[in-house]
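> Provided below for reference: sequence and predicted model.
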Number of protein chains: 2
Amino acid sequence: MSASLIGLDWGSTHLRAYLFGADGMVLETRALAHGIRQLPAGGFPEAFALAVREWPALPVLACGMVGSRNGWQEVPYLDTPTGVERLAQHLTPLATPGGHRLYLVPGLHDPHRPDVMRGEETQIVGVLATEPATTRLLLPGTHSKWVRLRDGVVTGFATVMTGELYGLLRQHSILGAALPEARDDEEAFRRGVAAARDSGPAGALSRLFSARALMLDGALDPAAVPDYLSGLLIGEEMRMALAAGWADANGSIPMVGEGPLCDRYRRAADLYGLQLSRAPDGTTADGLWQIATAAALAAAPATAHTS
Amino acid sequence: MSASLIGLDWGSTHLRAYLFGADGMVLETRALAHGIRQLPAGGFPEAFALAVREWPALPVLACGMVGSRNGWQEVPYLDTPTGVERLAQHLTPLATPGGHRLYLVPGLHDPHRPDVMRGEETQIVGVLATEPATTRLLLPGTHSKWVRLRDGVVTGFATVMTGELYGLLRQHSILGAALPEARDDEEAFRRGVAAARDSGPAGALSRLFSARALMLDGALDPAAVPDYLSGLLIGEEMRMALAAGWADANGSIPMVGEGPLCDRYRRAADLYGLQLSRAPDGTTADGLWQIATAAALAAAPATAHTS
């Protein structure tokens, strides 16, 4: 058994555990539903025990909401600019019942906006492991992050609540509630993106009610309203990114996220003349390994093969 | 008894009934909780009967969501430009169990955005009755309306879902749910407005997550987050109105709405150098009377005193 480290990607709704070999290869992966909002009866210690059960007593590195105010232990944010070395120097140790040495990765804080992230900093480090010259990065999701980097260091970032807003409008608003079952409608999605793109400096929030007006007009199928809204909100995110300088039409911006969502963002970006490309999977595991080796929790890759 | 008309302001959550004298004076007002989403067991006929009970069998004019797709009977929207005469020519009659002649006022549709309103057209007519030269009008609320007029005719309008978005974020989002009891905080409100004003062409949606970052920083009291969000969203509405040309800093824009909300908008407008003034109360009743007399449902004011 050449295992050398356990990594935990512990968010609000998920808990993924990685058993790393001495060379950084992932030997085994576990996925549990015990995000910090869905803990078992025994709370954090019980979820942790389930995640690492039967694995050797190795150092454990965890990132994500587990280090938030509502997590197992709050870990202060680090101000940007911050890179992997600084993250590795600020791990917070936490005693666990099973005798594992657990360390929590800090989140990042951009004091200029202000803005915060927790978990994404590890994904960013994972991208940098294979693409150290990355200068822009997009992590689309519930809370999308647009990240600026220089020389492997995060210099700033901005959060857009696109995914959460979509969910709120879809489930609870006059626009999205009481609709018939949704169906995929690429034309409605593109129409929403175009409405955002053409909304000018006022922005797409000024066009939100068009989802209802178009439906009442008979110009938008009620079953296609969700895709129209999705296009409008993702399109608005692109409009903002261009207006704020988080993105420009020069070169391609790598994206880290789930496949179908990244694909949706790519299709929206096409209508803005913006190039997005999907980064390889596994960035969180890669990032955990990079931070652990920088902190000397795990054997560094150079010596790994001798263990 | 000089009563000449019954007016109904029938929205989603409220039903207000007015008994008009022959001169247009309101003799009696009733307020029922039976908006079209809160009907009694007997449905629309029963709510109607409760609203007009013991009143004489006069013509009845109703405006608002009662004429929507989910209302008593759907009344088609009229395209802008439309003024009081055109509204009066397009009333939809509806037979009622009690033998009243009921007429429904159509809503308005702006084909250029597209956008729709239902109920506000009557308030606008009410404002025009005392201020016929009005060229801009703001009706703040769940779905705020910014209205352009020329020669007493509505030429276009835009809906901003500020109130609904606030409610969604306050009740269901990571920003607003699980907060301690809110307290009024004028400084947090002004700070939100300023954040929107200073958000540049990207707009305040790009700053929404600052509500959370500031709170985590300890720079915003959790109990003041709702007022910060309110300021951010109302401020964004002002930013959009200026960017889209619905408003400009020349002259004062009259506002029709509830007192505390109008006051909130006025305070936000101050930070934009925009002047908003509150129009007198009673615009819906005034508007119903104007439309009814234009449609010859009620005696015209000139002849009213002889009846």
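Yep, that arrived.

> Where in chain A is the helix or strand with the lowest mean pLDDT?
helix A:301-304 (a mean of 41; mean pLDDT, DSSP states H and E).

> pull the CA atoms of stretch A:245-258 into CSV?
In CSV, the C-alpha atoms belonging to stretch A:245-258 read as follows (Å, rounded to 0.1, in the frame of the first residue of the first chain):
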residue,chain,number,x,y,z
GLY,A,245,-13.0,43.6,-17.5
TRP,A,246,-13.0,40.1,-16.0
ALA,A,247,-13.1,38.8,-19.5
ASP,A,248,-12.2,40.1,-23.0
ALA,A,249,-12.3,38.7,-26.5
ASN,A,250,-8.5,38.1,-26.6
GLY,A,251,-7.6,34.4,-26.1
SER,A,252,-9.5,31.6,-24.5
ILE,A,253,-10.6,31.5,-20.9
PRO,A,254,-10.4,28.1,-19.2
MET,A,255,-13.4,26.9,-17.3
VAL,A,256,-13.7,24.5,-14.4
GLY,A,257,-17.1,23.0,-13.6
GLU,A,258,-19.6,20.3,-14.5
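
> List the buried residues in that stretch.
Buried residues in stretch A:245-258, defined by neighbour count with 16 or more other Cβ atoms under 10 Å in any protein chain shown: A:Trp246, A:Ala247, A:Ile253, A:Pro254, A:Met255, A:Val256, A:Gly257. (Each C-beta comes from the backbone N, C-alpha and C, glycine too.)

> With stretch A:153-169 instead?
A:153-169.

> how long is that stretch end to end?
Stretch A:153-169 has an end-to-end distance of 36 Å (criterion: Cα to Cα, to the nearest Å).

> now swap in stretch A:139-152 and tell me
One end of stretch A:139-152 sits 17 Å from the other (Cα to Cα).

> average pLDDT across it?
Averaging pLDDT along stretch A:139-152 yields 97.

> Ok, stretch A:94-112 next?
On average, stretch A:94-112 scores 92.

> What lies in contact with the host helix or strand of A:Gly287?
For A:Gly287, the enclosing helix or strand under DSSP states H and E is helix A:283-294. For helix A:283-294, the external contacting residues (Cβ atoms under 8 Å, 6 or more residues apart in numbering or on different chains) are A:5, A:7-9, A:16, A:18, A:20, A:24, A:26, A:29, A:59, A:61, A:63, A:84-85, A:87-88, A:91, A:105, A:119, A:121-130, A:256, A:298-301.

> Please tell me how far A:Glu181 sits from B:Leu78.
Separation of A:Glu181 from B:Leu78 (Cβ to Cβ, to the nearest Å): 32 Å.

> So for those two, which sits in the more crowded spot?
A direct count of neighbours by other Cβ atoms under 10 Å in any protein chain shown for A:Glu181 and B:Leu78 places B:Leu78 higher, at 18 against 7.

> can you map out the helices along the stretch 201-307 of chain A?
Taking DSSP state H, counting those that start in this stretch as the test, the helices found in the stretch 201-307 of chain A are A:210-217, A:225-244, A:259-270, A:283-294, A:301-304.

> Only the buried residues of the third one, if you could.
By neighbour count, with 16+ other Cβ under 10 Å as the criterion, the buried positions of helix A:259-270 are A:Leu261, A:Cys262, A:Arg264, A:Tyr265, A:Arg266, A:Arg267, A:Ala268, A:Ala269.

> for the first one, same thing?
Under the neighbour-count criterion of 16+ other Cβ under 10 Å, helix A:210-217 has A:Ser210, A:Ala211, A:Arg212, A:Ala213, A:Leu214, A:Met215, A:Leu216 buried.

> Give me the nearest residue to the second one, chain neighbours excluded.
Spatial nearest neighbour of A:Ala211, excluding adjacent residues (Cβ to Cβ, 6 or more residues apart in numbering or on different chains): A:Leu175 at 4.7 Å.

> and what of the third one?
Excluding its sequence neighbours, the residue lying closest to A:Arg212 (Cβ to Cβ, 6+ apart) is A:Leu175, at 5.5 Å.

> helix, strand or coil for that neighbour?
Per DSSP: H, G, I helix; E, B strand; the rest coil, the local secondary structure of A:Leu175 is coil.

> I'd like to know how far it sits from A:Ala298.
For A:Leu175 relative to A:Ala298 (Cβ to Cβ), the value is 49 Å.

> again, but for A:Gly24
From A:Gly24 over to A:Ala298 the distance is 8 Å, taken as Cβ to Cβ.

> Who are the contact partners of A:Met255?
Residues near A:Met255 by Cβ under 8 Å, 6+ apart: A:Leu137, A:Leu138, A:Leu139, A:Pro140, A:Cys262, A:Tyr265, A:Arg266, A:Leu276, A:Ser277, A:Arg278, A:Ala279.

> residues near the first one, how many?
Per other Cβ under 10 Å, the neighbour tally for A:Leu137 reads 24.

> For B:Phe44, see how far away it is.
A:Leu137 is 56 Å from B:Phe44, where distance means Cβ to Cβ.

> What is the burial count for A:Pro76?
11.

> shouldn't it be in contact with A:Leu104?
No - with contact defined as Cβ atoms under 8 Å, A:Pro76 does not reach A:Leu104; the gap is 10.4 Å.

> Could you list which of the buried residues of stretch A:153-169 belong to helices?
Under the assignment DSSP state H, the buried residues of stretch A:153-169 contribute A:Thr162, A:Gly163, A:Glu164, A:Leu165, A:Tyr166, A:Gly167, A:Leu168, A:Leu169 to helices.

> got a list of what the first one touches?
Read that as A:Thr162. When contacts are counted by Cβ under 8 Å, 6+ apart, A:Thr162 touches A:Pro140, A:Ser144, A:Leu233, A:Ile234, A:Glu236, A:Glu237.

> Using PDB, write out every CA atom in the helix or strand hosting A:Ala51.
Assigned by DSSP H and E, A:Ala51 falls within helix A:43-52. C-alpha atoms of helix A:43-52 as PDB (Å, rounded to 0.1, in the frame of the first residue of the first chain):
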ATOM      1  CA  GLY A  43     -22.300  15.500  13.000                       C
ATOM      2  CA  PHE A  44     -18.900  16.300  11.600                       C
ATOM      3  CA  PRO A  45     -17.000  13.500  13.400                       C
ATOM      4  CA  GLU A  46     -19.400  10.900  12.100                       C
ATOM      5  CA  ALA A  47     -19.300  12.200   8.500                       C
ATOM      6  CA  PHE A  48     -15.500  12.300   8.700                       C
ATOM      7  CA  ALA A  49     -15.300   8.700  10.100                       C
ATOM      8  CA  LEU A  50     -17.600   7.500   7.200                       C
ATOM      9  CA  ALA A  51     -15.500   9.300   4.600                       C
ATOM     10  CA  VAL A  52     -12.200   7.800   5.700                       C
END
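
> Against A:Met117, how distant is A:Pro106?
Distance of A:Pro106 to A:Met117, given as Cβ to Cβ: 10 Å.
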